[in-house]
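Undergrad: Build the 3D model from these lines:
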Amino acid sequence: MPLLPARPENWTVRPERVDAGRIAWVEASASHFALLADLHLSADASVEYDGFRPLDNCARVVEQAFAEGVEGVLVAGDLAWANGEAGDYDRIAAMLTPLSERAPVVLAPGNHDRRDRLLRRFHPEAYSLNEPAKLITVIDTLQARLIMLDSLYRTDVVPGLLGQAQRHWLANTLDAEPDRPTLLFVHHPLGEDDGALLDAPRLLSIVEPRRQVKAIFTAHDHVWRLGREGACTWSRCPPSGFLSCRPSRSAGWRSSSGTVPSNCASALPWESRIIPSDGAPERISGSFGRCAPLK
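TA: Modelled structure (predicted):
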């Protein structure tokens, strides 16, 4: 949550308000997703940083995703340029609405976003004058459950935080569906640096014994990378609008599609490619999974 459009055709959406935040429960007839992150779009179309223009980079990414025929789009935070200005979200809507007419778009906030302005632009019926609670989306497909978490702590404050209520909700949600392969998406990366997810160790303590969680996708630091934390695969996504710090100074996105797994104790086949906005795709993984039996 939010979604573009608010009620996607062929997707069933059920909103819920709980202690953890606002949740959109979605049943989606989709298996091919584009994962975007770090759009950093501004109301000012001329904004650039070190020679990079987020507006131009995002336009190329959206064009590529449209051409590839993706069936859904996930945007893992930092939609706005810096402070989540209202005009930034107008720019984001103009950029993503043409794509959302073919493939529903699911938005999650990052540390440069404002939940209240995000809701006011895309879901005015849910807008509140008070700082709204966390925004969470659960997407059930034939292949897997995709959970988009909210790690925004404070706008324009670098580190992120899930918080106790969201972590508690996540543990209970995973326990309710122990046989459903699950992928987690959160803007802030796992790690020990001061700009990462502050409660990453507590998130991992939830994930580690729940073996249906096959991978955690993160963004935030403008670096694409694949690794492991304990028994769980993690993947950092390339920035779609901003510059990539390394290994190459380029923007891009991730194209992922899945097949139905035999059981949740095995690897989840999930083709995933990094697609630079100005270069050839590079496949970086073939599946995510932990092969130890369920306990």
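Undergrad: does Y153 sit in a helix, a strand or a coil?
TA: coil (DSSP: H, G, I helix; E, B strand; the rest coil).
Undergrad: Please report how far it lies from S100.
TA: Remark: distance between Y153 and S100 (CB to CB, to the nearest Å) = 28 Å. Heads up, the C-betas are built off the backbone N, CA and C, glycines and all.
Undergrad: quick one, strands of the stretch 51-200 of the chain?
TA: 72-76, 105-108, 135-140, 145-148, 182-185 (DSSP state E, counting those that start in this stretch).
Undergrad: can you dump the C-alpha coordinates of the first one into CSV?
TA: This points to strand 72-76. Output of strand 72-76 as CSV, limited to C-alpha atoms (Å, rounded to 0.1, in the frame of the first residue of the first chain):
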residue,chain,number,x,y,z
GLY,A,72,3.1,-6.3,-11.6
VAL,A,73,5.5,-3.6,-10.3
LEU,A,74,7.0,-3.3,-6.8
VAL,A,75,8.7,-0.1,-5.8
ALA,A,76,10.8,-0.5,-2.7
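Undergrad: and for that strand, what are the contacting residues?
TA: With CB atoms under 8 Å, 6 or more residues apart in numbering as the test, strand 72-76 has contacts from 28, 30, 32-37, 39, 65, 96, 99-100, 103-108, 110, 139, 146, 148, 185-187, 217-219, 237, 240.
Undergrad: V26 is in contact with N10, correct?
TA: No: the pair N10 and V26 fails to qualify as a contact (CB atoms under 8 Å) at a distance of 11.0 Å.
Undergrad: Looking at those two, which is more packed in?
TA: The neighbour comparison of N10 against V26 (other CB atoms under 10 Å) goes to V26, with 24 against 10.
Undergrad: Doesn't that one belong to a strand?
TA: Yes: V26: assigned to a strand according to three-state DSSP.
Undergrad: List the beta-bridge partners for it.
TA: With DSSP bridges applied, V26 shows beta-bridge pairing to V13, I139.
Undergrad: Against T12, how distant is it?
TA: Applying CB to CB to V26 and T12 gives a distance of 7 Å.
Undergrad: so of the contacts of strand 72-76, which ones are in helices?
TA: 65, 96, 99-100 (DSSP state H).
Undergrad: can you tell me which residues contact the nearest residue to D150 once chain neighbours are set aside?
TA: The shortest distance from D150 to any non-neighbouring residue, by CB to CB, 6 or more residues apart in numbering, is to K134 (3.9 Å). Residues near K134 by CB under 8 Å, 6+ apart: 20-22, 149-150, 152, 162-163, 165-166.
Undergrad: Going by distance to D199, which of these wins?
TA: Distance to D199 across the contacts of K134 (CB to CB) is lowest for L162, with 5.4 Å.
Undergrad: Number of residues surrounding the closest one?
TA: L162, neighbours per other CB under 10 Å, totals 27.
Undergrad: so it touches L152, yeah?
TA: No: between L162 and L152 no contact is recorded; they are 9.8 Å apart, counting by CB under 8 Å.
Undergrad: Hmm, A6 and L119 touching each other?
TA: No: at 11.2 Å, L119 and A6 do not qualify as touching, with contact defined as CB under 8 Å.
Undergrad: Which of those two has more residues huddled nearby?
TA: Legend: neighbour count by other CB under 10 Å for L119 and A6, higher for L119 (21 against 16).
Undergrad: Quick one, grab the pLDDT at that one.
TA: Looking at L119, its pLDDT is 90.
Undergrad: L129 now?
TA: L129 is given a pLDDT of 55.
Undergrad: where do the helices sit along the stretch 151-295 of the chain?
TA: 164-176, 200-207 (DSSP state H, counting those that start in this stretch).
Undergrad: Which stretch among those helices is buried most, on average?
TA: Highest mean neighbour count of the helices of the stretch 151-295 of the chain: helix 200-207, a mean of 19 (counted as mean count of other CB atoms under 10 Å).
Undergrad: May I have that one as CSV, with CA atoms only?
TA: As requested, C-alpha coordinates have been extracted for helix 200-207 and formatted as CSV (Å, rounded to 0.1, in the frame of the first residue of the first chain):
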residue,chain,number,x,y,z
ALA,A,200,17.8,-6.1,11.4
PRO,A,201,19.0,-8.6,14.0
ARG,A,202,15.5,-8.8,15.4
LEU,A,203,14.1,-9.3,11.8
LEU,A,204,16.6,-12.1,11.2
SER,A,205,15.7,-13.7,14.5
ILE,A,206,12.1,-13.9,13.1
VAL,A,207,13.2,-15.1,9.7
